[in-house]
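J.: Return atomic coordinates for the entry below.
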Amino acid sequence: MKTLLSEIRNCDVCKEFLPLGPRPIVAGHSHAKILIIGHAPGTKVHKTGIPWDDQSGKQLRKWMGISVEDFYDETKVAQMPMGFCYPGKGKSGDLPPRKECAPLWHNKMLKSLKNIELTILIGQYSQRHYLEGKMERNLTETVRNYQNYLPQFFVIPHPSPRNRFWLRKNPWFEEEMVPDLKTIVENLLD
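T.: Below you'll find the predicted structure:
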């Protein structure tokens, strides 16, 4: 696992497309029980090199009901985004994750993460990739039907502050789903 993480962290396959240069963000250990797959790191995470070290991460930890210590304990929680490096700015936020990362690294990571009992799929990119055509017609309906993907996957929207309008329109997410997510995470980490 250490060798693989080192290889990923030294990857520069798409460096010519990265405005801030390559800095793959990944974390894991063969004992981890929970895997988080999000989009791609933002500028703050790129700067610190720490997964989810931003407002989105604070919200994600709140939804999971997990301490900072447990969240960053690689023997408990592994982190593998769809795109390992900051992809750059688009018209309405960050660009989508680079397409090179998942085919290059995900299967290798998954083979090394032998004890994963729950994978949290954050947002449309990871859900499209891992649910292989089993998604509902849109992200809202996919998230609403989260029980269809359990026990392997727990699907959630991105915890970005930019999603506050989605959260206001869909109060059922925090009222019904977040308590289920907290319970599952707590049971796995006990």
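J.: Is N115 in contact with S30, as I believe?
T.: Yes - taking C-beta atoms under 8 Å as the definition, N115 is a contact partner of S30 at 6.7 Å. In short, each C-beta sits where N, CA and C put it, glycine included.
J.: and W166, how many neighbours?
T.: 15 (other C-beta atoms under 10 Å).
J.: so it touches P159, yeah?
T.: No - counting by C-beta under 8 Å, P159 is not a contact partner of W166; they are 10.6 Å apart.
J.: the strands in the protein, which residues?
T.: 34-37, 77-79, 89-90, 93-94, 118-122, 153-156 (DSSP state E).
J.: helices and strands around the longest one, which ones?
T.: Packing contacts for strand 118-122, counted by 3 or more C-beta pairs under 8 Å, 6 or more residues apart in numbering; DSSP states H and E, involve strand 34-37, helix 123-131, strand 153-156, helix 178-189.
J.: can these go into CSV with extra columns for mean neighbour count, mean pLDDT and distance to W63?
T.: Listed next are those as CSV, based on neighbours: other C-beta atoms under 10 Å; pLDDT from 0 to 100; distance: least, C-beta to C-beta, whole Å:
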stretch, mean neighbour count, mean pLDDT, distance to W63
strand 34-37, 24, 98, 11
helix 123-131, 20, 97, 13
strand 153-156, 24, 98, 7
helix 178-189, 15, 98, 5
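J.: These into a markdown table, with extra columns for distance to C14?
T.: Below are the helices and strands packed on strand 118-122 laid out as a markdown table (distance: least, C-beta to C-beta, whole Å):
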| stretch | distance to C14 |
| --- | --- |
| strand 34-37 | 18 |
| helix 123-131 | 16 |
| strand 153-156 | 27 |
| helix 178-189 | 32 |
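J.: Contacts only, for the residue lying closest to H29 once chain neighbours are set aside.
T.: Excluding its sequence neighbours, the residue lying closest to H29 (C-beta to C-beta, 6 or more residues apart in numbering) is E74, at 4.1 Å. Residues counted as contacts of E74 (C-beta atoms under 8 Å, 6 or more residues apart in numbering) are 27-29, 32.
J.: Go again with 10 Å.
T.: 1, 5, 26-32, 51 (C-beta atoms under 10 Å, 6 or more residues apart in numbering).
J.: And for Y72, the neighbour number?
T.: With other C-beta under 10 Å as criterion, Y72 counts 18.
J.: okay but it is in contact with W52, surely?
T.: Yes - contact criterion C-beta atoms under 10 Å: Y72 and W52 qualify, at 8.8 Å.
J.: Mutual contacts of those two, please.
T.: Shared contacts of Y72 and W52, counting by C-beta under 10 Å, 6+ apart, come down to 27, 61, 79.
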